[in-house]
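> sequence and predicted model, in that order:
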Amino acid sequence: MNIIEYADREMLVMNVANKLAGKLKSALSGNDRVSFAVPGGSTPGPIFEMLSATDLDWSRVDVMLTDERWVDADDPLSNARLVREHLLNDRAAAAQFIPFFRPGLSPGEGAEVVAPSLTDHVPISVLLLGMGDDMHTASLFPGDRSLPDALAADAPLLCPVYPEGQPTARVTLPAHVLDGALNKHLVIFGDEKRAALERAQGLSPEEAPIASVLDEIEVYWAA
């Protein structure tokens, strides 16, 4: 794990967008297509907006989520909606988006349908993650009864999860897919998350799911 500190969030957003663009361009130089896995939440929105204007061959980029709430794509809680509004614009509108939600199916049924289609997109070329104060990442939540399945080395490429205290069920990429990404990046803001990340280094993935992806990850932090 390598932590890069920034003087302010605006500088972090600019630099991380440039860093991700460089990694995508590098991946495109050696591959016909590349995969770019991104989180939901409020943190990546400004990064997405800056990245969307980057001049690269977005038509060869397959964008997927690290996790998704099991709601319709137009629902305010949908991560796909956030990506559509903030990333898949400008030049990045040419990217291919891989949705996870399947209307009419349960999270478990939907995950079974989608998982085989992800085979061609792993290992992930470039991965961007966020982290909660509780040290969760993607939809890998500490204490969740679904967590052991998503941490398993042989977990399917998409797992249903039912975290307590959350408004909806979710699906998530499992730990082995996230950790197997060729380029891993984590963005966190604030002293509380910085302290949580440092605690996670001494904990198991069951206690701190973020610990499952910390090997050779670039961490970007600003207060």
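That came through fine.
> hey, let's count contacts and neighbours off CA atoms from now on
Noted.
> just give me the longest helix of the chain.
helix 9-29 (DSSP state H).
> which parts of that helix are buried?
9, 12-13, 15-18, 20-21, 23-25, 27-28 (16 or more other C-alpha atoms under 10 Å).
> just stretch 83-91 next, same as before
Here stretch 83-91 shows Val83, Arg84, His86, Leu87, Leu88, Asn89, Arg91 as buried, counting by 16+ other C-alpha under 10 Å.
> returning to what we had before: export the buried residues of helix 9-29 to TSV and append columns for distance to Asp154 and pLDDT.
Formatted as TSV, the buried residues of helix 9-29 follow (distance: C-alpha to C-alpha, whole Å; pLDDT from 0 to 100):
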residue	distance to Asp154	pLDDT
Arg9	37	97
Leu12	35	98
Val13	35	98
Asn15	35	98
Val16	32	98
Ala17	32	98
Asn18	34	98
Leu20	29	98
Ala21	31	98
Lys23	28	98
Leu24	28	98
Lys25	31	98
Ala27	26	98
Leu28	28	98
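> report the two of the residues you listed separated the most.
Arg9 and Leu28 (28.2 Å; C-alpha to C-alpha).
> strands of this protein, start to end?
2-6, 34-38, 61-65, 67-69, 96-98, 126-129, 159-161, 170-172, 184-189, 218-222 (DSSP state E).
> ok, the third one: who's next to it in the sheet?
The pairing partners recorded for strand 61-65 under DSSP bridges are strand 34-38 (parallel), strand 96-98 (parallel).
> likewise for the last one?
Strand partners for strand 218-222, identified by DSSP bridges, are recorded as strand 2-6 (parallel), strand 184-189 (parallel).
> just those strands: most buried one?
For these, the largest average neighbour count (mean count of other C-alpha atoms under 10 Å) is found in strand 184-189, namely a mean of 22.
> what angle do helix 9-29 and that one make with each other?
170 degrees (axes from the mean of the first three to the mean of the last three C-alpha atoms, to 10 degrees).
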